[in-house]
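S.K.: compute the structure for the input listed below.
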Amino acid sequence: MNLTNHQNTFRWIIVGASFIIVMFILWKTYEFFQLFKYEERVKIEIWAKAQSDIIKTGDLNSDMGDLPLKVITSNKTTPMIMVNRDGSIDHNNIDPVKAKDSLYIKKLITKFSTENDPKEVIFDGKVYNTIYYGNSPLLNKLKYYPLALILIVVLFGAVIFFFYSSNKNATQNKLWSGMAKETAHQIGTPLSSLIGWTEILKSEQVNPEYIQEIEKDVDRLKTITERFSKIGSLPTLETANIVEETVSSYDYLKSRASNLIEFNLVAPDNYIPVELNKQLYSWTIENLVKNGIDAMKGRGKLTIEISQLEDNVNINVSDTGKGVPKKHFTKIFEPGFTTKKRGWGLGLSLTKRIIEDFHNGKIKVIRSEKDKGTTIQINLKRC
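M.R.: Below is the predicted model:
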């Protein structure tokens, strides 16, 4: 127990440390973004100052030195719109074709105003023009860097969670497989003894009908032992008549159920071949029937209906029990989910695994109404 607590503590320490590191990186990215944005502002102020110096000369070709002109021509990244005093508009680093659209320019001015405060070029105490400028392409890319980082962290976390979950499920499967095989082994010893006692009873001239019923239950115990021994290993499939196998399970369950349960079987008479593991399929029918009987609290009508399609066969197991809420249609097949006060919630999850993992079929709830009953359908491919 202490080892488990230490492992959980270590996991939480790793999660906490990862969270702190990510927050630190995001904060530093934000600081870098603000620093870059400040430098962009300084560049625009220098650009505005250079423009002001050029305005003073009144001529770009006059003897003013090369520095202002170099500053004006060096900025090839920051998009700018200059609204002059007379209302005319100049632009820099903007697509010249799009710039011809006045509506596009107005939208850009609005956008630039939200990204950065406009800069005024003042000459002789008067505003010569106003510069609206946006973020440079590099700054825009940097703006999305934290989102990319968060996405990477989320994906990394998802991979870790998937690995941990898969490892946990694999460990649980090994545990359940070991327990199932050990159960089969434990049942085997008294089962052998029961077979011997049955032979002794035959020699003692006991009523043959009693012995026949005992033999049926002994055979049933053999089947159960085979079922548990197959858990954790890939079962062998063989071509079998789905009608015959379903009827066989139906007859056994009906003979041992309460008289308060009305059984009904609807099945075609023809041969329907399906790749089956007979023991596991019988276990599936048994789980569904017992689940239906529990839902009806031992009183009601239970129907098994087999219908053949062109390439598939459907086996519907219906009861007249309390029903299943629609939000639980898929949850009832999850391990551990149960509405009973007692039970581990393994029956339907095991049934789903037998049908879908071992037989490549499908199982689902196709109908359920409160206090009217539920129908669960198995769909298998025909040979």
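
S.K.: what is the least confident helix or strand in this protein?
M.R.: helix 67-74 (a mean of 59; mean pLDDT, DSSP states H and E).

S.K.: residue 80 contacts residue 133, doesn't it?
M.R.: Yes - counting by Cβ atoms under 8 Å, residue 80 does reach residue 133; the two are 4.5 Å apart. To be clear about C-beta, it is placed using only N, CA and C from the backbone, and glycine gets the same treatment.

S.K.: any shared contact partners between the two?
M.R.: Counting by Cβ atoms under 8 Å, 6 or more residues apart in numbering, the shared contacts of residue 80 and residue 133 are residue 44.

S.K.: higher neighbour count, these two?
M.R.: For residue 80 versus residue 133, neighbours defined as other Cβ atoms under 10 Å are more numerous around residue 133 (26 against 20).

S.K.: may I have the phi/psi pair for that one?
M.R.: Main-chain dihedrals, residue 133, degrees, to the nearest 10: phi -130, psi 150.

S.K.: returning to that earlier point: give me the next element, helix or strand, following the least confident helix or strand of the chain.
M.R.: strand 80-84 (DSSP states H and E).

S.K.: list the buried ones in the helix or strand that comes right after that following strand?
M.R.: Per DSSP H and E, the first helix or strand lying C-terminal to strand 80-84 is strand 89-92. For strand 89-92, the neighbour count (16 or more other Cβ atoms under 10 Å) marks 91-92 as buried.

S.K.: quick one: strands adjacent to strand 89-92?
M.R.: strand 80-84 (antiparallel) (DSSP bridges).

S.K.: which residues are in contact with the partner strand?
M.R.: So strand 80-84 is contacted by 44, 47, 89-94, 105, 108-109, 112, 121, 128-134 (Cβ under 8 Å, 6+ apart).

S.K.: quick one: mean pLDDT over whichever strand or helix holds residue 120.
M.R.: Using DSSP H and E, residue 120 sits in strand 119-123. Averaging pLDDT along strand 119-123 yields 79.

S.K.: cool, stretch 46-64 as well?
M.R.: 62.

S.K.: picking up where we left off before, what subset of the contacts of strand 80-84 is buried?
M.R.: 44, 47, 91-92, 94, 105, 108-109, 112, 121, 128-134.

S.K.: go through those and flag which are in strands.
M.R.: When DSSP state E defines the strands, the subset of those inside them is 91-92, 121, 128-133.

S.K.: got any ranges where the chain has weak pLDDT?
M.R.: Along the chain, the model assigns pLDDT under 70 to residues 1-8, 11, 51-74, 167-182, 184-186, 189, 227, 230-233, 336-337, 339-346.

S.K.: alright, that wraps it up for me.
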